[in-house]
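Asks: sequence and predicted structure are below.
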Amino acid sequence: MQDISEIWLHDLQEKLPNEPLTVADVRIGVFYTAAGLSNGHVGIAFTPRDLNDTVCCPKSAASAPPAGRMAGQAAWKLAEYACSPVPLRRSVGVAVLNALSALAMERHGVCGGKLLVGVDALDAAEVRPDDRVAMVGGFVPFIKKLKGKISDLWVIDKRPQALKADERSFWCAPEQAGETLSKASVVIMTGSTLVEGGLDELLDAARNARRVIMAGPTASPWPPTFFARGVHVLGGIRVKDGAKLLQVVSEGGSGYFFEDFAEKVCIVKEEQLH
């Protein structure tokens, strides 16, 4: 099966044929990576933190993003980094694809879905008290909203310490992801899975879920690609001030610093709407 990032890139190339855009700016921050296109559109992606090696030695530096040489390159070339086996390169590629996705939605609308401004992805998904919810990544705001209000809650995360003491019973090891997702009626994935890898396998394991949600600033892609692979709700952002967002990212800002320069948006697959 073709990797979803490859399909995403191909779908955008069909929507934006012969688009001669370059990448004007790339910022790799502590929490997020941002890419600004020559037309002003900016995309965001999670910056991976659990890297196995550093980029200071010649071997690892050769596989890292080419620092000092990315700005000015063709957007489509850097977008291909989203398909790289190197997480830090994938972060740059996903940020570029999100910027291109914003352009595609500006020109063609939200194909196959409805854009809801200021709506929380969890609210759009209409989670019910009898739902069994599996979450990939400890998404703290969602845990707070869900615990004690649904039938079951599982949080799949590499670090059990990411959960509070009274939430530790929800924790599942990544090795249990397939089994856990297969028995969930609602699956929530952070957009960081686009960077960290394994999204295709996770979506396959979640194919029987009533709702599949991707949320977070990284979850701001061209919707039809993800609707076709089983995602029902995308809870990302729409950038309002790209220059300021680039600055925030380069100054180590997390998503909590984005609200003045980007707005929360939710894109819901049409067949899920009442």
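Replies: Sure, I can see it. Numbers count the residues shown, from 1 in each chain.

Asks: in terms of pLDDT, where does R159 sit?
Replies: Note for R159: predicted pLDDT of 83.

Asks: so which bits of stretch 237-255 are buried?
Replies: Across stretch 237-255, burial judged by 16 or more other Cβ atoms under 10 Å covers 237, 239, 242, 244-250, 253, 255. Placement of C-beta: from N, CA and C, glycine included.

Asks: so which residues make contact with stretch 140-148?
Replies: 122, 127, 133, 135, 153, 155, 163, 167, 170, 188, 215 (Cβ atoms under 8 Å, 6 or more residues apart in numbering).

Asks: whoops, I mixed them up, stretch 2-14
Replies: With Cβ under 8 Å, 6+ apart as the test, stretch 2-14 has contacts from 76, 79-80, 82-83, 90, 93-94, 97, 100-101, 104, 194, 199-200, 203, 221-222, 224-226, 228-229.

Asks: let's see 10 Å
Replies: Residues outside stretch 2-14 that contact it (Cβ atoms under 10 Å, 6 or more residues apart in numbering) are 1, 19, 75-76, 79-84, 90, 93-94, 96-98, 100-101, 103-104, 111, 193-195, 197, 199-200, 203, 221-226, 228-229, 231.

Asks: can you tell me which of those are in helices?
Replies: In helices, defined here by DSSP state H, the members of the contacts of stretch 2-14 are 75-76, 79, 90, 93-94, 96-98, 100-101, 103-104, 193-195, 199-200, 203, 223-226.

Asks: okay, and which of the buried residues of stretch 237-255 map to strands?
Replies: 237, 239 (DSSP state E).

Asks: ranges for the strands of the stretch 51-200 of the chain?
Replies: Listed in chain order, the strands of the stretch 51-200 of the chain (DSSP state E, counting those that start in this stretch) span 113-117, 132-136, 152-156, 171-172, 186-190.

Asks: so for G36, which of these sits nearest?
Replies: strand 113-117 (22.3 Å; Cβ to Cβ).

Asks: paired strands for the closest one, with orientation please.
Replies: strand 262-269 (antiparallel) (DSSP bridges).

Asks: mind listing what's buried in the partner strand?
Replies: For strand 262-269, a neighbour-count test (16+ other Cβ under 10 Å) marks 262, 264-269 as buried.

Asks: and those as a markdown table, adding pLDDT and distance to S5?
Replies: Below are the buried residues of strand 262-269 laid out as a markdown table (pLDDT from 0 to 100; distance: Cβ to Cβ, whole Å):
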| residue | pLDDT | distance to S5 |
| --- | --- | --- |
| A262 | 97 | 22 |
| K264 | 95 | 24 |
| V265 | 96 | 21 |
| C266 | 96 | 22 |
| I267 | 97 | 18 |
| V268 | 97 | 22 |
| K269 | 96 | 20 |
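
Asks: circling back to that earlier point, for the contacts of stretch 140-148, which one is nearest A34?
Replies: A215 (18.5 Å).

Asks: hmm, back to that, in CSV, list the strands of the stretch 51-200 of the chain along with mean pLDDT.
Replies: Shown next, in CSV, are the strands of the stretch 51-200 of the chain (pLDDT from 0 to 100):
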stretch, mean pLDDT
strand 113-117, 96
strand 132-136, 96
strand 152-156, 94
strand 171-172, 91
strand 186-190, 95
